[in-house]
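Asks: quick one, fold the following:
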Amino acid sequence: MTATDRTQAPPAPGRLGEAIAAPDLLGYLEALSRWRGERKQELDRIDAAALRAADADTYTSDLTLAMTIWQSVTDRLDRLTTVWDSGRVGPQQREEMSRLIWGTGSGAGAGLGLSLVEACRLSDALTAALRARLAFDPVAADVAARIAATRATLQRCAEALANVRAARPSVVPDVDALRRRLEDLATRAAAGSDVTGPLGVIESTAARAERDLIVAAAGHRDLGRDYRAALERRRELQDQATALRALVTRVVGLVTPAPRMAVPDVDRLGRVPQTRPDLTSYQARLETVAAALRQAGAAYSAALGERDELRGLFTAFAAKASATGRSADPAVAAAYDRARTVLWTVPCPLPEARELVADYQRSLGTNSGGGSPS
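Replies: Model prediction:
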């Protein structure tokens, strides 16, 4: 095996939302399938080597994560293969495949918010770190190739650092310092020095840094998504509060007694924060306001609804009285007048209206001949 035989995930075609060309998809599926098989063999060898190590327990968490990511990639590849359907794909299916490759909604690395591409890169980084820690590198003799590969890893780390900004993990080392150390080793190696040991340390450090930055980038993306969702939720609640205030004004003018519940002021929550702990707390406060708005809205709607329901019942009783001839009964007519007057009073006194509608209903149930309105 040569240095170029290191298992590396294939480059993914297209971009998110694009109907990727069928030949590109076929090439990617074939390459990713080979990568999956080779990576599983590699992880099995590393697992066996870790079990033989004196400090075997220290490898457990990284090995578990590496296996989990491998399984996640496998699941996403299986879904891609199903959609591919032996090449029977149109634009809609090819666009769906681009979402499975580049999207973060489900599948490979979904728990970390990773796309399939990022999950493959994370698998490469984890495996490289484990190889270096275990000195389990089938290409350990090819120092020049290892230095070149580590340069590429550090370049990706530098690019990732530029993207994560404030989300940079505190454990990520100084990438520029690692680059300087690597170039010093390259110079010493070219002069004939044995740099295998120090190079392994830098390889391991660079691989762990790339792993941490991939995870941090996913977290940063999730933070941005949650920030935008909180902004949208805040706007929704502001609209609900405006509508509720209009309802309150209407109910207070139409019925009495009206509920006495305050309408939450969404603006008092302040601006949506952009750090994870503060944003999580802010989202909880948003939902507390939402619950208060629902409760107040239900109370005011119920008050107006009761008036409308009483009017509906009264109208139904009046129609029944007219149909049965009971409306001519002086007692019924008097109960009718009292109830109607109160029901159409503005604001309508609900307790009195309740009682008068009940009186009207009772009047329909009694007459001098002992008959029934039904």
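
Asks: show me which helix runs longest in this structure.
Replies: helix 196-254 (DSSP state H).

Asks: could you point out which element follows that one?
Replies: Note on helix 196-254: by DSSP states H and E, the next helix or strand toward the C-terminus is strand 255-256.

Asks: after that next one, next one along is what?
Replies: Next helix or strand after strand 255-256 toward the C-terminus (DSSP H and E): helix 276-324.

Asks: what helix or strand is residue 51 located in?
Replies: Going by DSSP H and E, residue 51 is in helix 22-52.

Asks: buried ones in the worst-scoring helix or strand of the chain on mean pLDDT?
Replies: None of the helices or strands of the chain scores lower by mean pLDDT, DSSP states H and E than helix 143-164, at a mean of 81. Neighbour counts over helix 143-164 (16 or more other C-beta atoms under 10 Å) mark 143, 146-147, 149-150, 153-154, 156-157, 160-161, 164 as buried. Any C-beta I mention is one placed from the backbone N, CA and C, and that applies to glycine too.

Asks: same question, stretch 255-265
Replies: So stretch 255-265, judged by 16+ other C-beta under 10 Å, has buried residues 255-256, 258-259, 263-264.

Asks: outside of that stretch, which residues touch it?
Replies: Identification of contacts with stretch 255-265 by C-beta atoms under 8 Å, 6 or more residues apart in numbering yields 241, 244-245, 248, 251-252, 289, 292-293, 295-296, 299-300, 303-304, 306-307, 347-351.

Asks: next, the angle helix 196-254 makes with the helix or strand just after the helix holding residue 51.
Replies: With elements assigned by DSSP H and E, the helix or strand that comes after helix 22-52 is helix 60-84. Taking axes from the mean of the first three to the mean of the last three C-alpha atoms, to 10 degrees, one finds helix 60-84 and helix 196-254 inclined to each other by 70 degrees.

Asks: now helix 60-84: buried residues?
Replies: For helix 60-84, the neighbour count (16+ other C-beta under 10 Å) marks 62-63, 65-70, 72-74, 76-77, 79-80, 83-84 as buried.

Asks: about what we covered before: out of the buried residues of stretch 255-265, who's nearest residue 104?
Replies: Set against residue 104, the nearest of those by C-beta to C-beta is residue 264 (33.6 Å).
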